[in-house]
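S.K.: okay, predicted coordinates and the sequence, questions at the end:
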Amino acid sequence: MWISLVIIGTFIRGPGWYLFLPGQYWDVHKTVAITNVNLADKLGIHDPMMGTLFGAGCLFVWLIVLPMAFWKARYKKSEVLQKLGMVRYQITAQLFMIMMGTVLKVFMRLGFNVKYIMEWKGMINV
């Protein structure tokens, strides 16, 4: 695994951290317009308060609802979950969902140009 990362970093990454295929010309002055937008804006929610609430709802579903739905569906059938208990399961599930959320966020950034899941614009007037 780490060998492939070294190969990509050495032979495929060019100037400016852009990715170039082997044999492709490394243009030093290459500029790529990256137009990342927030998830709420991508889905058509342009109000800052509603965008914040939408993002908070997405995070609530990801971090709370999905682990609890798994707990409800599997608790009676799984001996491991019964031994683990609710508190230890919740801690483990939170850490796992944060870890997988990071991976999901990377894929959303690369595949769909999503900049932020939740924005704080318009929430705090300082």
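M.R.: Happy to help now that I have it.
S.K.: check which helix or strand the spatially most central residue of the chain maps to.
M.R.: Relative to the mean C-alpha position of the chain, the nearest C-alpha, by CA atoms, centre = their mean, is the one of K105, at 1.5 Å. With secondary structure defined by DSSP states H and E, K105 is part of helix 86-112.
S.K.: okay, buried residues for that helix please.
M.R.: By neighbour count with 16 or more other CB atoms under 10 Å, helix 86-112 contains the buried residues Y89, A93, M97, M108. Every residue, glycine included, has its C-beta placed from N, CA and C.
S.K.: try stretch 26-46
M.R.: In terms of neighbour count (16+ other CB under 10 Å), stretch 26-46 has its buried residues at N38, L39, A40, D41, I45.
S.K.: still on that earlier bit, out of the buried residues of helix 86-112, which comes closest to G55?
M.R.: When the buried residues of helix 86-112 are compared for distance to G55 (CB to CB), M108 comes out closest, at 12.4 Å.
S.K.: excluding chain neighbours, what is closest to the closest one?
M.R.: Closest residue to M108 apart from its sequence neighbours, by CB to CB, 6 or more residues apart in numbering: V114 at 4.2 Å.
S.K.: so how far is L5 from M97?
M.R.: Computed as CB to CB, to the nearest Å, the M97 to L5 distance reads 25 Å.
S.K.: now do Q82
M.R.: When distances are taken as CB to CB, Q82 and L5 turn out to be 40 Å apart.
S.K.: okay, these two: which has more neighbours?
M.R.: Ranked by neighbour count (other CB atoms under 10 Å), Q82 and L5 place Q82 first, with 12 against 9.
S.K.: buried set for the strand or helix carrying that one?
M.R.: Secondary structure from DSSP H and E places Q82 in helix 79-84. By neighbour count on 16+ other CB under 10 Å, the buried set for helix 79-84 is L81, L84.
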